[in-house]
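Participant: A predicted structure for the sequence below; I have some questions about it.
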There are 2 protein chains.
Amino acid sequence: MATIRDVAKQAGVSVATVSRVINKLERVNPDTKQKVLDAIEKLNYKPNDVARSLYQRKSKMIALIVPDITNPYFPELARAVEDVANRSDYTFVLCNSDDSEQKERQYMQVLRQKQVDGFIVVTSTLAYEHIKDLNVPVVALDRIIDRKVPAVTVNNNDGAKTAVQHLLDIGCKRIAHISGPDDVDNAMQRKQGYLDVVSHYEWFEPGMVQNGDYHMDQSEQAMMKLLKAYPDIDGVFAGNDLMAVGALKALKKSGKKVPDEISVVGFDGISLGELTTPSITTVKQPIYKIGEQAARMLIDKINDPTTEQENVEYDVTFMERESTKRKEG
Amino acid sequence: MATIRDVAKQAGVSVATVSRVINKLERVNPDTKQKVLDAIEKLNYKPNDVARSLYQRKSKMIALIVPDITNPYFPELARAVEDVANRSDYTFVLCNSDDSEQKERQYMQVLRQKQVDGFIVVTSTLAYEHIKDLNVPVVALDRIIDRKVPAVTVNNNDGAKTAVQHLLDIGCKRIAHISGPDDVDNAMQRKQGYLDVVSHYEWFEPGMVQNGDYHMDQSEQAMMKLLKAYPDIDGVFAGNDLMAVGALKALKKSGKKVPDEISVVGFDGISLGELTTPSITTVKQPIYKIGEQAARMLIDKINDPTTEQENVEYDVTFMERESTKRKEG
DNA sequence: GTGAAAGCGCTAACAA
DNA sequence: TTGTTAGCGCTTTCAC
């Protein structure tokens, strides 16, 4: 690989001049500039970003840490962040934390040593104290970390209420909920939305809430339990689409017809929800937008660390598909 | 951030000694070593990897370039590569090329400037000449680039034949194929596998092969066309699972019962195939293994560039699910 | 066993 | 407008 020195020699100028040309900040005599350009062309010179990073103390890299990229919610998010990063000449690094705080911290540390300029994090375990001595901007996504860390989220409570209200509207008489992990704030908000709507109905019992941990398999089991304990439920609100799929599987195995005997609503709006039979009625998040927004905020903050940032909360959209149907009569 | 200098001062030794301690290569007097360790602890010192990279000319980063992470085949692959990378203390970088050669080259160039140590690439457009002056190990995945680039693939032809033979075995009389892009070698091999089995049957016509471009939507259209042109087809082999899902959608819209009236087989074994109704009979690739193998090969080559590497071809496994059924009578 | 110093490739004062 | 030079933080000869 040719270095700036080689270029300088080839062009018969100093390295400073070459640096000036490639960074196009200061004025350079057009003739000298052309000589430098020619030398760069001839030697196929590409500046060494590592040397640059060392001097500038920044790497032009941002990282996104998600629990698990094989959960279909996250690839779409990752695309958005990557696209924004590229548009701003940042390199994008993706990490899976498996929801382990240890892995999250490990990643952030390693990447900090590589001078990564900022992080977007989806976490429910990381505490503020661990991110503050990273000394670098962090944006929280999907889940709130701390008041001091700007976050991009959706209105989970509203979305949940809309979903449950829809089940009531189409005539459901007994509605259960499959909830996400207790330590994830958005899961709690969705559960609360459900409770806000149903808790004063006389048919409601606390056992109608079962934990599905945001996983398909665990949700399938949760649905089985619900079916056993409350054979007459005719509506289910799942805390995310993945769990709605799990519920569908359980229902199918139990011979319950969806949506004729029981209606199911999910949350998220991942494309998987359109592919099941029946397709899943859901509360759609603007996933790509969320990722874009978070990436923009992060990059803005990197470019100007004095920027003060507010939390951004997006509205969700109710989306009726095949898994819910108005009761006859 | 504390630097090696700060540590040296704190411990009352030279920077060379500190370097020796953190790299634990040369022998250091236990007492001095302890002093250094204490200083590191006290100052919470973390070595700056950028400075290290600059000197060593390597970054301990590897990159995976895939067409599109929202295609569910790739997240699983990415996990595998990431896991292996982490075990070997490499940082993992993921990039989406959107199957554009321009983006692939752009990414590889930018990452090379960041001293990325090697690439795993899923591409059908990139030529050998573009990767050779990168001056860094490259492993091809899923699709072959050139004889000179080691590749990890599966036996596509065998898998396709097995799939089509299965359709014959269960009694299908007229079998169509929805193919992948013409410029992707594995798509061609799968198509060839189909042709190998069916081309000598008298019912076979070239129009029974329709291009679905490995995309769900385009496959849906392809299925529609097939249905129109050959209303009596009772078996479909789709070049990948995503296209099998598309076929299922078309079939459903057309009121054709799967598997009673028509059987469908896919290829890949992505988990999405288990979630549709009916679930999709498929030819399963060992996706995680493939990713692991490619990552290992890449890292081996990085650690010892003289290593000669052979292509690795994995066998696929036929997996019968609900979308195929033996004909009655 | 330890330290001084050169240098990885680049940028940015400071001089000229 | 251009060149000289001192670092950025680290590793590694080469002395001692």
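Facilitator: Okay, I see it.
Participant: only C-alpha atoms from now on, for both contacts and neighbour counts.
Facilitator: Noted.
Participant: contact residues of chain A facing DNA strand C?
Facilitator: Counting by Cα under 7 Å from any atom of the strand, the positions of chain A adjacent to DNA strand C are A:1-5, A:15-16, A:19, A:22-23, A:46-49, A:51-52, A:54-56.
Participant: now list the buried members of those residues.
Facilitator: A:4, A:15, A:19, A:46-49, A:51, A:54 (16 or more other Cα atoms under 10 Å in any protein chain shown).
Participant: quick check: whichever residue of the stretch 201-329 of chain A sits closest to DNA strand D vs chain B, distance?
Facilitator: The nearest approach of the stretch 201-329 of chain A to DNA strand D comes at A:Ile302, 18.2 Å away (Cα to the nearest atom of the strand). Distance of A:Ile302 to chain B, given as Cα to the nearest Cα, to the nearest Å: 18 Å.
Participant: what residues of the helix or strand hosting that residue count as buried?
Facilitator: For A:Ile302, the element it lies in under DSSP states H and E is helix A:287-303. Using 16+ other Cα under 10 Å as the test for burial, helix A:287-303 gives A:287-302.
Participant: just checking, A:Val11 touches A:Lys35?
Facilitator: Residue A:11: Ala, not Val. Yes - using Cα atoms under 8 Å, A:Ala11 is in contact with A:Lys35, at 5.5 Å.
Participant: related to what we said a few turns ago, mind putting the buried ones among the residues of chain A next to DNA strand C in CSV, distance to A:Leu94 and secondary structure included?
Facilitator: Shown next, in CSV, are these (distance: Cα to Cα, whole Å; DSSP: H, G, I helix; E, B strand; the rest coil):
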residue, distance to A:Leu94, secondary structure
A:Ile4, 31, helix
A:Val15, 36, helix
A:Ser19, 32, helix
A:Lys46, 25, coil
A:Pro47, 25, coil
A:Asn48, 23, coil
A:Asp49, 20, helix
A:Ala51, 23, helix
A:Leu54, 22, helix
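Participant: now the nearest residue to A:Val21 once chain neighbours are set aside: which helix or strand?
Facilitator: Of all residues not flanking A:Val21 in the chain, A:Lys33 sits nearest, at 6.3 Å (Cα to Cα, 6 or more residues apart in numbering or on different chains). Taking DSSP H and E as the criterion, A:Lys33 maps to helix A:30-43.
Participant: so A:Ala160 sits in a strand?
Facilitator: No - using DSSP: H, G, I helix; E, B strand; the rest coil, the secondary structure at A:Ala160 is helix, not a strand.
Participant: pretty sure it is touching A:Gly193, no?
Facilitator: Yes - judged on Cα under 8 Å, A:Ala160 makes contact with A:Gly193 at a distance of 5.0 Å.
Participant: so who does the residue of the stretch 201-329 of chain A closest to DNA strand D touch?
Facilitator: A:117-118, A:136-137 (Cα atoms under 8 Å, 6 or more residues apart in numbering or on different chains).
Participant: which of the residues you listed fall in helices?
Facilitator: Among the contacts of A:Ile302, no member is found in helices (DSSP state H).
Participant: top of the residues you listed by neighbour count?
Facilitator: Across the contacts of A:Ile302, neighbour numbers were computed from other Cα atoms under 10 Å in any protein chain shown; A:Gly118 holds the maximum, 27 neighbours.
Participant: identify the bridge partners of it.
Facilitator: A:Gly118 has these beta-bridge partners by DSSP bridges: A:Ile62.
Participant: what's the spacing between it and DNA strand D?
Facilitator: For A:Gly118, the distance to DNA strand D (Cα to the nearest atom of the strand, to the nearest Å) stands at 18 Å.
Participant: per-residue pLDDT of that residue, please?
Facilitator: If you check A:Gly118, the pLDDT there is 98.
Participant: that one against A:Ala63, yeah?
Facilitator: Yes - look at A:Gly118 against A:Ala63 with Cα under 8 Å: they come within range, at 6.5 Å.
Participant: sorry, back to before: what mean pLDDT does the helix holding A:Ile302 get?
Facilitator: Mean pLDDT, computed over helix A:287-303, is 97.
Participant: contacts only, for A:Pro137.
Facilitator: A:117-119, A:298, A:301-302, A:305.
Participant: out of those residues, which comes closest to B:Pro75?
Facilitator: A:Phe119 (20.4 Å; Cα to Cα).
Participant: A:Asn135 is in contact with that closest one, correct?
Facilitator: No - here A:Phe119 does not reach A:Asn135: they are 10.9 Å apart, not a contact under Cα under 8 Å.
Participant: more neighbours: which of the two?
Facilitator: Taking neighbours as other Cα under 10 Å, A:Phe119 and A:Asn135 compare with A:Phe119 leading, 26 against 11.
Participant: distance check, the more buried one against chain B.
Facilitator: Counting by Cα to the nearest Cα, the gap from A:Phe119 to chain B is 14 Å.
Participant: for that residue, which residues are in contact?
Facilitator: Per Cα under 8 Å, 6+ apart, neighbours of A:Phe119: A:62-65, A:108, A:136-139, A:298.
Participant: at 10 Å instead, please
Facilitator: A:61-65, A:93, A:108, A:111-112, A:131, A:134, A:136-140, A:294-295, A:298-299 (Cα atoms under 10 Å, 6 or more residues apart in numbering or on different chains).
Participant: now restrict those residues to buried residues only.
Facilitator: Buried members of the contacts of A:Phe119, counted by 16+ other Cα under 10 Å: A:61-65, A:93, A:108, A:111-112, A:131, A:134, A:136-140, A:294-295, A:298-299.
Participant: ok, and which of those residues reach DNA strand D?
Facilitator: Answer for these near DNA strand D: none qualify (Cα under 7 Å from any atom of the strand).
Participant: tally of neighbours for the residue nearest to A:Val21?
Facilitator: Neighbours around A:Lys33, by other Cα under 10 Å: 20.
Participant: which residues are in contact with it?
Facilitator: Contacts of A:Lys33 (Cα under 10 Å, 6+ apart): A:11, A:13, A:17-18, A:20-22, A:24, A:27, A:39.
Participant: same thing with A:Val154?
Facilitator: A:141-143, A:186, A:268, A:284-287, A:290, A:312-316.
Participant: next: A:Thr317.
Facilitator: A:Thr317 touches A:158-159, A:162-163, A:267-269, A:282-286, counting by Cα under 10 Å, 6+ apart.
Participant: now A:Ala187. Nearest residue, chain neighbours left out?
Facilitator: Nearest non-adjacent residue to A:Ala187 (Cα to Cα, 6+ apart): A:Gly180, at 4.8 Å.
Participant: related to what we said a few turns ago, and which of the contacts of A:Ile302 is nearest DNA strand C?
Facilitator: Taking Cα to the nearest atom of the strand as the measure, DNA strand C sits nearest to A:Asp117 out of those, at 16.3 Å.
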